[in-house]
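Engineer: Structure of the sequence below:
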Amino acid sequence: MTLIEAKDLCKEYVNEEVKTPVLHDLNFKIEEGEFVAIMGPSGSGKSTLMHILSFLDKISCGKYLFKGKDVSEFNDDQLAQMRSKEVGFIFQAFNLLPRTTVLENVMLPLLYDGVSNNNIRIYKAKQALINVGLDHRLNYFTNQLSGGEKQRVAIARALVNDPSVIFADEPTGNLDSKSGLQVMKILQSLNEEGKTIILVTHERYTAEHAKRILRIKDGVIESDEKVVNRQFAQTSNELIK
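Structural biologist: Numbers count the residues shown, from 1 in each chain. Next comes the predicted model:
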C-alpha cells in the first residue's frame, strides 16, 4: 500500500513579499514498510521536505497524499491530529523533558493522544522501552543518561503510539560512532518488523543503512535509488543492553 505520495509538490517561503523557493515539483511515492533515507547537503531542502511529510509544515503547490488522502488543504487542527495519530519523531537533539524520568518521557505521547488509563500508559511505555533495551532505566532521570541512551528513549517515545511512520531527523548527529550504530541497529530492526521509517541525513554512511535513498539538491530530487551495498548495524547484542 502506498503510504506517502507527492505530486508536483513545491514549497516557497514569503517574507515581506520576497519569495524564496525551496522545493520544486517533487514526485515520488513511499510504500508501507519502506526504510527511506532523504539525503542532501545543508540548504538542499531535505529538512523542509521532512517537515511537510510529517505534517509540521504545508506545501505551497501540488499535492501531498497520505494513505490516499489529500492532506494539502488540511487546517492546523487536522494536521495536529495527524501528527498525534500517525507519526513518531526522533530528533538529533533528543528533545526529552529534563528532570523527568525515562518512563514519564515515553508516556507523554499517550497523554496527548487521550489515553486516560494510567496503567495502560505505563504498560505501553514499558513495552516500548523493552524494545530498545532500556527497561532497566525506567526510573532514571534523562540527565542521568548517556547520549546513546537518550536517543533510545526518544525512539521508544516515537514508538509508543504505534505510528504509521517514524521520522528520524539526523538521529546519529550528536552521537559517537558506537552509539550511532546502536541507534541504526534499532531502526533497522524496527523496519524488519514492518515499521515505515524515513531518515533525514547529510551523511552517506548513515543513509546507506536504509534500503532506498532519495538524494535532494537545490530543492529537486537528484536521484532515487535502492541501496545495493547496504550498511548493516550488526553490532554485538551487548551494545543495546
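Engineer: For the rest of this, base every contact and every neighbour count on C-alpha atoms.
Structural biologist: Fine.
Engineer: mind checking which helix or strand the spatially most central residue of the chain is in?
Structural biologist: Note on the chain: the residue nearest the mean C-alpha position is residue 167, at 1.2 Å, using Cα atoms, centre = their mean. In this assignment (DSSP states H and E), residue 167 forms part of strand 165-169.
Engineer: May I see the buried residues of the helix or strand just after that strand?
Structural biologist: Once strand 165-169 ends, the next helix or strand along the chain (criterion: DSSP H and E) is helix 177-192. Judged by neighbour count using 16 or more other Cα atoms under 10 Å, the buried positions of helix 177-192 are 179, 180, 181, 182, 183, 184, 185, 186, 187, 188, 190, 191.
Engineer: Now flag whichever of those is closest to residue 29.
Structural biologist: Taking Cα to Cα as the measure, residue 29 lies nearest residue 191 of the buried residues of helix 177-192, at 17.4 Å.
Engineer: shouldn't the closest one be in contact with residue 33?
Structural biologist: Yes: assessed by Cα atoms under 8 Å, residue 191 is found in contact with residue 33 at 6.6 Å.
Engineer: Which neighbours do these two have in common?
Structural biologist: Here residue 191 and residue 33 share the contacting residues residue 197, scored by Cα atoms under 8 Å, 6 or more residues apart in numbering.
Engineer: wait, what's in contact with the closest residue to residue 171 other than its chain neighbours?
Structural biologist: Closest residue to residue 171 apart from its sequence neighbours, by Cα to Cα, 6 or more residues apart in numbering: residue 92 at 4.6 Å. With contact taken as Cα under 8 Å, 6+ apart, residue 92 is in contact with 169, 170, 171, 172, 173, 174.
Engineer: cool, residue 90 as well?
Structural biologist: 151, 154, 155, 158, 166, 167, 168, 169, 171.
Engineer: Helix or strand for it, just tell me which one.
Structural biologist: Assigned by DSSP H and E, residue 90 belongs to strand 87-91.
Engineer: tell me the angle that strand makes with strand 165-169.
Structural biologist: Per axes from the mean of the first three to the mean of the last three Cα atoms, to 10 degrees, the angle that strand 87-91 makes with strand 165-169 is 20 degrees.
Engineer: Strand 87-91 pairs with which strands, and in what direction?
Structural biologist: In the sheet containing strand 87-91, its partner strands are strand 165-169 (parallel), by DSSP bridges.
Engineer: quick one: contacts of the partner strand?
Structural biologist: Strand 165-169 has contacts (Cα under 8 Å, 6+ apart) with 47, 50, 54, 86-92, 158-159, 195-201.
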